[in-house]
Each structure stands twice: as C-alpha cells, then as structure tokens.
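*Asks:* what shape does this take:
(2 chains)
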Amino acid sequence: MASVPIMMPLLRPGAARLGRIDRLGWSAGTCFDAYGLRFGVRTNASGLLDRLGPHLPPGWRASASPLVDQIFSVWVDPEDARRSRVYVGKDRRSRPADLAQALAVLESEIRQCVAAGAERRTFVHSGAVGWRGRAIVIPGRSRSGKTTLVAELVKAGASYLSDEFAVLDARGRVHPFAKPLSIRGASGCDRHARAQRVEELGGCCATSPLPVRLVVLTEYRPDGTWRPERLTAGQAVLELLAHTVPARLRPEASLVSLERAVARATVLKGPRGDARDLAQMLLRSVEKAASRGGAGERGTT
Amino acid sequence: MNPVARREGVLVRELPGELLVYERGAHRAHCLNRTAATVFRNADGTRTLSDLARLLAPQSDAAEGEAVVKDALARLAEAGLLEAGEAAGGWSRREWVRRVGVGAAILLPAVASIVVPTPAEAAVTCVTSCVGKQDGTPCTCSGAPICTASCVTETCSEAGC
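*Replies:* Residues are numbered from 1 along each chain as shown, chains lettered A, B, ... in the order given. Down below sits the predicted model:
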C-alpha cells in the first residue's frame, strides 16, 4: 500500500467554508483522488496519516494538488481525556473512543462520499463476486449476511469484486471494489470486525468489469431454506434501487445502469439458511447458464 | 372526466412488459406491470374508461374490461400517478376471480412502489451509524429497531461484547 502524500487540503474556490472547524489546529493533511473525486484528510495527530493508507478506497491515487471537493477532519485529544471527533465537511459524524475507531469511521465516511459522488459509476450497496466471466450480485442492508455469502462464494472459487458495493458502469457491468472483507466475529460486534484480505480465504480479486448473470436478494434466517421466487426485470430494478447510493442524486443514470445490469440476469429473492450450501448452488446455477450460453464467455476464475 | 396520468415531474423508463416511473420530487419509484402500464401510458384525458378497456383487451367483455381499468386507475391514484379522473376501485381481486376466473388473473394491474433511499440511507453501515453511541441506541443500519452489538461501550473488550 502506497503511503499518502503530506499536503494540507484546501477546498476548491466556491465550496462552502467550514467555519470554526478550520480553527481547530490542524497540523497534518493529505490529498487523494478516487473515482473522479478529490478528497482531503486533515488531523491534529500526525500519526494518523501513517496509518491512513489501508483505510482509503480501492483505487485511490495520490493527488498533486491541494484543492479538493471534500475535507474530512479527525481531531484527537492530545491529552486523551476526551473522545475523538470525525468531521465530514463541517458536520460532526461521530465521537469514536480511540484512533482505531476514528479510522474505521473515517474509512466508512470516505467510502460513502465516493459512492454518492462518483458521477461515472453507480454504487449499489451489495456484495459481488465473479464466476465464469459473469458477476453474482448480492444487494442488502448491513448485517443481512452479504459478507458471509461473499466469503463462501470466494472459498468455493469465485473471484472477489466487493463485500460492500457493486460498482456499476453505464453498461451495467460490475467493476471491482476490492476492499478487504469485513468479517464480524461471533459477537457480531463491529468494533472487533476483522479486515480480511481475499487471499486469506484462498481467493483472488477480479481484475476487470463483469456483466451481471445473477442477482440474489436474500437475508440469513436461522431456519431459512432457499426457495426463491424469480423477479421480473422491473421488480429487480426496484429492489436494486432501494440499495443504490446515488439513486436520488442521479435517478436517470442510476436507472439506466440498473436496467442494463439486470437485462441478462436472473434475479432471485428469498430467505436463506447456510451460506456454504447456497454458495455452491449459486455457482452451479451460473455454470449451467454459462454452458447454455456457449462459447465467447471469458472466465476470470 | 376522463382519466389523466401524471406526466410532470416523472421519469419514465420502458422495460419489456413493464414500466418504471420515478417521481423526482417525492423520490418514489414504481414498477407497473403490463396492464397498469397500458392504462398509465394511454390515460391522457382524451380516452374514456371504455376506450382504455378496449386497448387492454379488445376481445373481452366491456364490463370486465372497465373493471380492470378502474382497478388500474385506483392503483395509479394510490401511487400518486394519476392527475385527474375516476380513481374508484373496480372489482376486488376476489370478485374479479369469481366473475372471470383464475386464468384471467394475469390481466390484473399491479403497481409496486418504494421510497428511494437517500445516499446515507442506502450506504449506511453500523460503523457510521453506531460508533460513539451508547448500547441500545436506535440503529438505522440493519433494520433492527435496536442495535446492541455494534454500539460500542467501554465494556466492549477484545474478547467480544
């Protein structure tokens, strides 16, 4: 992971000023680009920047300019008497207990800004893997079991695209957003969720965008059995829209991406039980469809 | 008054056999099946209920056709997609099946609707929603009314919560 450049960020001319936040005594900063947006992070704790790299969005690049679209500010009490503060622009988002939590919050906030602001991509809150040159997309809310299912699919041989966002282009293809998987322990506690690289699961990341073959709308239920109903394209778009980050900001572009994503996909909805069993079923299902589809499909796994 | 479907402030996308309608102001999205879509497309203020019924099913009984159109208009009105015209419901589903038979149920209009999430709602995670809050704080990230596992307190140790 490359280290971040040291550079105090400045908002572009015309952007809303941050008022009193600017006067909190920032001593270090950095600037980076991601998905056509430019961000800055500043802090009063210079050690934070040394640990920042792994928390930036996949595909970030160091910026040569200090002018940015959005500034994230992390204030840490030097006397360790008060909680830290994370600001997005001038809005305080949370008061994490320590630097590790502050970095986790910062990471999540940056990813949300990328997901909302990237104009050439449509971010759908979803897990996604590749299999036989096609993507399997698993939309869902946090804690619906996306990461568990994605991990089982990867262990079964699928390539990893993301456990948080299906990043669609205007053709409806899914691009990799391969952040480490966020694996919660048995307690379900986010504080102790472990960032696990896909290689630790014995898998690999997809390297190119993939057309969608299967959309799986599911939630784990302890007594769940996978007996899904098949949705029409319109129903599928509506379901995906409920997880689409820029849907309100760019409805037309979002709808176009979603329509194209589901145009050649099977969309299944229903509760599930064990993720391992379902992973095997899903891969077999895509495999059958791929063999029916014939030649011309490129495998990535 | 002849029915008029909403045209202002909506984004309409055609799909095979369906129609997607996005309300820009209210940020609601609707999926109309073939029957509801036909009524929505053709309810322009110039067509009567009978005209719309003939468009839907030229061969069918006039009363049945109008009942379907009324049902479609009621559903469109409920979804906020009708500007003017009669929005009273036609027959109930049960009545429809009783009179016409299960086989014709495929003609029944359907409108599915959602409120489109804000960017924050669509991307929310327990990290952004719960960190720094007390256990038991209402959690918006998972659909559960109360988040107990991710709202971190000082009692949360490395051994787990």
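
*Asks:* next up, the contacts around A:E164.
*Replies:* By CB atoms under 8 Å, 6 or more residues apart in numbering or on different chains, A:E164 lies in contact with A:111, A:125-127, A:146, A:177, A:179, A:182, B:125. Bear in mind the C-beta positions are built from the backbone N, C-alpha and C, glycine included.

*Asks:* give me the below-cutoff pLDDT ranges for the stretch 201-301 of chain A.
*Replies:* Regions of the stretch 201-301 of chain A meeting the criterion pLDDT under 70 cover residues A:293-301.

*Asks:* enumerate the residues of it near chain B.
*Replies:* Applying CB under 8 Å from any CB of the partner chain, we find that the stretch 201-301 of chain A lies next to chain B at A:232-235, A:237-238, A:241-249, A:251-252, A:255-256, A:259.

*Asks:* just the buried members of the residues you listed?
*Replies:* A:232-235, A:237-238, A:241-248, A:251, A:255-256, A:259 (16 or more other CB atoms under 10 Å in any protein chain shown).

*Asks:* cross the residues of the stretch 201-301 of chain A next to chain B against strands and list the overlap.
*Replies:* In strands, judged by DSSP state E, none of these are found.

*Asks:* the closest residue to A:P271 other than its chain neighbours: neighbour count?
*Replies:* Leaving out its chain neighbours, the residue that sits closest to A:P271 by CB to CB, 6 or more residues apart in numbering or on different chains is A:G224, at 3.9 Å. Neighbours of A:G224 under the rule other CB atoms under 10 Å in any protein chain shown: 16.

*Asks:* and what of B:P16?
*Replies:* 9.

*Asks:* repeat for B:R13
*Replies:* 19.

*Asks:* by contact count, what packs against whichever strand in chain A runs longest?
*Replies:* Longest strand of chain A, by residue count under DSSP E: strand A:122-131. Helices and strands touching strand A:122-131, by 3 or more CB pairs under 8 Å, 6 or more residues apart in numbering or on different chains; DSSP states H and E, are helix A:99-117, strand A:134-139, helix A:146-155, strand A:159-162, strand A:165-168, helix A:251-262, helix A:275-293, helix B:119-123.

*Asks:* could you rerun that using 7 Å?
*Replies:* strand A:134-139, helix A:146-155, strand A:159-162, strand A:165-168, helix A:251-262 (3 or more CB pairs under 7 Å, 6 or more residues apart in numbering or on different chains; DSSP states H and E).

*Asks:* hmm, who's touching it?
*Replies:* Contact with strand A:122-131 is made by A:115, A:135-140, A:146-147, A:149-150, A:153-154, A:158-163, A:165-168, A:174, A:206, A:210, A:240, A:243-246, A:253-254, A:257, A:283, A:286, A:300-301, B:122-123, as judged by CB atoms under 7 Å, 6 or more residues apart in numbering or on different chains.

*Asks:* the same query, at a cut-off of 6 Å, please.
*Replies:* Under the contact criterion CB atoms under 6 Å, 6 or more residues apart in numbering or on different chains, strand A:122-131 has outside partners A:115, A:135-139, A:146, A:150, A:153, A:158-163, A:165-168, A:174, A:206, A:210, A:240, A:243-245, A:254, A:257, A:283, A:286, A:300, B:122-123.

*Asks:* still on that earlier bit, with distance to A:F72 added, can I get the helices and strands packed on strand A:122-131 in TSV?
*Replies:* TSV is the format used below for these (distance: least, CB to CB, whole Å):
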stretch	distance to A:F72
strand A:134-139	27
helix A:146-155	24
strand A:159-162	21
strand A:165-168	19
helix A:251-262	25
